[in-house]
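Asker: need the 3D shape of this:
(one chain, ligands or ions: 1)
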Amino acid sequence: MLSYQVQPTSTIVNVAVAVIHYQQQYLLGFRNKTQHQGNRYEFVGGKIEADETARAALIREVSEETGINIKDNVAVKLGRLHHDYGDKHVCLQVYQVALTDAQFAKHQYESHGLEGQPLVWADKNKLLAGDYPLPAANQTILAWLQLPTHLVITYPLAHFSDQSNATAAWLAYQQQHLPQDAWVYIRIKASTVNEQSQEIMLIKQLMDLRPDINGVLPNHHISQMLTTDNQDVHQAYIQNHPHIKAGHLTHTELMQWFSDLKKQPKPNQKDTKCLSIDQPLIISCHDIDSIYAANQLAAIRLKNQQPPVIGMLLSPVLATQSHPDDVPLGWEAWSALAQLADMPVISLGGLSPIMSQQASHYGATSIAGIREFLKD
Ligand SMILES: Nc1nc2c([nH]c(=O)n2[C@@H]2O[C@H](COP(=O)(O)OP(=O)(O)OP(=O)(O)O)[C@@H](O)[C@H]2O)c(=O)[nH]1
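Answerer: Coordinates of the predicted model:
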């Protein structure tokens, strides 16, 4: 089977990693200088024994290292990643665990763990800013943690087709209804050639009108921007715009990429240029085949040291008005698929923000939607 997971000659060390947090504070240990990747901070965790599941190892390691019992906590899978340190090849299985008020109250003042290692609670902003040196493999975990709990998706242009000027109506609507500081997948889905030529301009206009929002831009626009005559201007725009957070790859685009990959299994940097390589990616998946393809793409980007895949939009969970013909997966089937993803999974389809807790119970790190996520 075609697989881009790195196949080293040495043994892979499987590690369960617990990203333990209480609200915006994250628990870090400090690795002794004699340890592998010593003199650095780490998330709590350790090797998965041969006869153990990753979750069982997670509970055991957290208990052994900190005394915190997370048996009854929800552990949301953030992802799985390979990293070859040269002297050691690790496969990290990473879970996010939110502590309860009582757990935090009990453990917050412990300055050392049960193995004598120093412990600190790091503010999320400082952690993401790189104030705590971590092993190199953890850079991807930090990128995953950038993903917000809510992702807003814009209405397509067609939603405003009864207006005399649909593009102006689209723009005015987004300007007014997008929540402050939201991460927004700017999806326009123009149908006419005239509208298509305006899409990039519309995206830029929206980003200018609402400088607070964080944009997830369709990948085909990013690659289009980078292959036009104004390539330098666009490249500078994308690279220097602090609020462009990721490119988005549709299910169809992903499967096209995967089919091309199967024809040419060793793509070079130029061949992957159609995928935004300056930005992290968020990928839409609907089934097991696309999840497999997304995992392959994530592994290739990691191996090529390109910005990682930071999320998978897996849909539809429930029936939606926007896709009335799609058969919903339902939470149980959705959850089983989500477990197969090697990156954080965002639930989508007929959801509202009040379902966040339910979504995380089923394995979602985030929740996305259109109408229910806009402000009145
Ligand atoms: N616990 C933990 N390990 C990590 C992180 N990131 C990362 O690359 N690792 C690597 O994953 C492996 C963890 O295994 P471990 O904790 O059981 O191993 P160790 O080297 O500390 O001890 P040991 O080999 O003496 O048992 C180490 O090679 C470590 O460098 C992290 O955030 N937390």
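Asker: pull the helix or strand with minimum mean pLDDT from this structure.
Answerer: The element with the least model confidence among the helices and strands of the chain, by mean pLDDT, DSSP states H and E, is helix 231-240, at a mean of 70.
Asker: okay, now the one residue in the stretch 151-300 of the chain that gets nearest to the ligand: neighbour count?
Answerer: Nearest residue of the stretch 151-300 of the chain to the ligand: residue 299, at 16.3 Å (CB to the nearest ligand atom). Yep, even glycine has a C-beta here, placed from its N, CA and C like the rest. When neighbours are defined as other CB atoms under 10 Å, residue 299 has 19 of them.
Asker: roughly how far does it sit from residue 94?
Answerer: Distance, residue 299 to residue 94, using CB to CB, to the nearest Å: 15 Å.
Asker: also residue 284?
Answerer: 22 Å.
Asker: more neighbours: these two, which one.
Answerer: Neighbours per residue, other CB under 10 Å: of residue 284 and residue 94, the larger number sits with residue 94, 29 against 21.
Asker: for that one, helix, strand, or coil?
Answerer: For residue 94, the assignment made with DSSP: H, G, I helix; E, B strand; the rest coil gives strand.
Asker: dump the residue contacts of it.
Answerer: 17, 19, 43, 77-81, 141, 144 (CB atoms under 8 Å, 6 or more residues apart in numbering).
Asker: now the end-to-end length of stretch 308-327.
Answerer: Stretch 308-327 has an end-to-end distance of 30 Å (CA to CA, to the nearest Å).
Asker: before we move on, the earlier item: what strand or helix carries the residue of the stretch 151-300 of the chain closest to the ligand?
Answerer: Using DSSP states H and E, residue 299 sits within helix 288-303.
Asker: mind listing what's buried in that helix?
Answerer: Neighbour-count burial for helix 288-303 flags 290-302 (criterion: 16 or more other CB atoms under 10 Å).
Asker: do stretch 46-66 as well
Answerer: Buried-residue list, stretch 46-66, by 16+ other CB under 10 Å: 46, 48, 52, 54-55, 57-62, 65-66.
Asker: and stretch 12-32, by the same measure?
Answerer: 14-22, 25-31.
Asker: distance from the chain centre to that stretch, please.
Answerer: The chain centroid and the centroid of stretch 12-32 are separated by 18 Å under CA atoms, centre = their mean, to the nearest Å.
Asker: can I get that stretch as CSV, trimmed to CA atoms?
Answerer: What follows is stretch 12-32, C-alpha atoms only, in CSV (Å, rounded to 0.1, in the frame of the first residue of the first chain):
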residue,chain,number,x,y,z
ILE,A,12,10.0,3.4,16.4
VAL,A,13,9.3,4.5,20.0
ASN,A,14,5.6,5.0,20.5
VAL,A,15,4.8,7.7,23.0
ALA,A,16,1.6,8.8,24.6
VAL,A,17,1.6,12.6,25.2
ALA,A,18,-0.9,14.4,27.4
VAL,A,19,-1.5,18.1,26.7
ILE,A,20,-3.0,18.8,30.1
HIS,A,21,-4.6,22.2,30.6
TYR,A,22,-6.9,24.2,32.8
GLN,A,23,-8.5,26.9,30.8
GLN,A,24,-5.5,28.8,29.2
GLN,A,25,-2.8,27.3,31.4
TYR,A,26,-0.8,24.3,30.2
LEU,A,27,1.1,21.8,32.3
LEU,A,28,4.8,21.3,31.3
GLY,A,29,7.5,19.1,32.9
PHE,A,30,11.2,19.9,32.5
ARG,A,31,13.4,17.1,31.1
ASN,A,32,16.5,16.3,33.0
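Asker: for residue 212, give me its contacts.
Answerer: Per CB under 8 Å, 6+ apart, neighbours of residue 212: 180-181, 243.
Asker: and if you look at residue 156?
Answerer: Contact analysis of residue 156 by CB under 8 Å, 6+ apart lists 187-189.
Asker: so where's the chain uncertain?
Answerer: 1-10, 223-234, 265-274 (pLDDT under 70).
Asker: please redo it, this time with the cut-off set to 90
Answerer: Residues of the chain that meet the criterion pLDDT under 90 lie in 1-10, 32-38, 189-201, 219-243, 262-279, 319-327, 375-376.
Asker: the helix or strand where residue 335 lies: what's the following helix or strand?
Answerer: If you go by DSSP H and E, residue 335 is part of helix 330-338. Once helix 330-338 ends, the next helix or strand along the chain (criterion: DSSP H and E) is strand 345-348.
Asker: for the helix or strand just after that next one, the distance to its chain's centre please.
Answerer: Beyond strand 345-348 in the direction of the C-terminus, DSSP H and E gives the next helix or strand as helix 356-361. Its chain's C-alpha centre lies 16 Å from the corresponding centre of helix 356-361 when counted by CA atoms, centre = their mean.
Asker: hmm, who's touching helix 356-361?
Answerer: Residues from elsewhere that reach helix 356-361, judged by CB under 8 Å, 6+ apart: 74, 76, 149-150, 317, 331, 347, 351, 366-367.
Asker: now the helices for the stretch 101-250 of the chain?
Answerer: 101-107, 124-128, 138-146, 166-177, 193-209, 219-225, 231-240 (DSSP state H, counting those that start in this stretch).
Asker: could those go into a markdown table alongside mean neighbour count and distance to residue 253?
Answerer: As requested, these are exported to a markdown table (neighbours: other CB atoms under 10 Å; distance: least, CB to CB, whole Å):
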| stretch | mean neighbour count | distance to residue 253 |
| --- | --- | --- |
| helix 101-107 | 14 | 42 |
| helix 124-128 | 15 | 28 |
| helix 138-146 | 20 | 21 |
| helix 166-177 | 17 | 22 |
| helix 193-209 | 16 | 15 |
| helix 219-225 | 20 | 6 |
| helix 231-240 | 13 | 18 |
